[in-house]
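S.K.: sequence and predicted model, in that order:
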Amino acid sequence: MTATKLARCLRGLDSPSTGPIAAFRLARQAMLAGRRVDMQDLAAELGVARATLFRWVGNRDQLLAEVIWSTAEPTWRHAVEEAQGAGAERVVAAYDRFVRDVIAAEFFARYLRREPERALRLLTTKASGFQHRLVAEFERLLRHEHATQDMCLPLPAADLAYLMVRIAESFIYSDLITGETPDATKATDAIRVLLGAYAA
């Protein structure tokens with residue numbers, strides 16, 4: 001998917017542009033308040049035509065992906081910073097904190113209840129790049145612990161990170177997939193087994 005002007009601004013590839021960033025901030029405010037992000041309403045609030053808004057941020061899915069990533073990335077970074085231990089123990093601790101925080105985020109739960117099918121497509125497939133970015137974050141931690149703590153990786157780092165993301169998805173979105181209650185403990189237990197760190 002071609003990077004939007006907003007995506008380029010957020011990644012520092014383009015100089016900050018008032019319009020795209022303003023649209024992003026309004027959409028983020030709506031999401032955090034538990035409201036639906038509506039492109040028509042957003043364009044009206046910004047005082048621009050819908051075509052202009054689309055040129056700035058891409059389609060609604062692309063905008064939502066950026067908004068959700070803007071909450072997921074700092075949640076993951078905070079989980080990593082707070083994680084105790086080293087090697088597999090630290091990876092498990094960060095993973096557990098992240099999954100618990102995502103499940104506990106009420107604004108995110110509202111979004112999932114409001115748009116379950118769209119959310120699953122947006123967050124768990126290649127449709128938006130969200131999953132790819134999360135895999136990259138997990139892989140970065142795995143590689144760091146492998147390099148600095150001699151952590152044993154049972155699979156190549158990229159494959160292991162992808163599997164960790166898929167396990168997280170299975171339990172974060174379990175109510176949408178199987179009707180079961182989201183369960184961080186089950187996700188973390190699976191990762192402990194996978195990493196050979198169950199005793200930790």
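M.R.: Yep, it's here. Please read these numbers as outputs of a predicted model, since none were measured by experiment. Numbering: from 1, shown residues only.
S.K.: how is this structure divided into domains?
M.R.: Following automatic domain parsing, one finds the domains of the chain at 5-58, 61-195.
S.K.: can you tell me which of these has the worst average pLDDT?
M.R.: In terms of average pLDDT, domain 5-58 trails the rest of the domains of the chain, at a mean of 92.
S.K.: what about A158, how many residues close to it?
M.R.: A158: 14 surrounding residues under other CB atoms under 10 Å. Backbone N, C-alpha and C define where each C-beta goes, glycine included.
S.K.: name the residues that touch stretch 84-93?
M.R.: With CB atoms under 8 Å, 6 or more residues apart in numbering as the contact definition, stretch 84-93 has outside contacts at 79, 82-83, 141-142, 145, 149-152, 188, 191-192, 195-197, 200.
S.K.: any quick ChimeraX command for the buried ones out of those?
M.R.: In ChimeraX syntax, the buried subset of the contacts of stretch 84-93 is picked out as below (16 or more other CB atoms under 10 Å):
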select :79,83,141,142,145,151,188,191,192,195,197
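S.K.: just how off-centre is the lengthiest helix in the chain within its chain?
M.R.: When the chain is parsed with DSSP state H, its longest helix is helix 60-82. Relative to the chain's own centre, helix 60-82 is displaced by 5 Å; criterion: CA atoms, centre = their mean, to the nearest Å.
S.K.: list the buried residues of it.
M.R.: 60, 62-72, 75-76, 79-80.
S.K.: now do the strands in the protein.
M.R.: Here the chain has no strands by DSSP state E.
S.K.: nearest the middle, which residue of it would you pick?
M.R.: Taking CA atoms, centre = their mean as the criterion, A72 is the residue nearest the geometric centre of the chain, at 4.2 Å.
S.K.: contacting residues around it?
M.R.: V102, F130, L134.
S.K.: in helices only, show me those.
M.R.: Going by DSSP H, the helices hold V102, F130, L134 from these.
S.K.: surely the first one meets W76?
M.R.: What it means is V102. No. Here V102 does not reach W76: they are 9.1 Å apart, not a contact under CB atoms under 8 Å.
S.K.: most packed of the domains of the chain?
M.R.: domain 61-195 (a mean of 17; mean count of other CB atoms under 10 Å).
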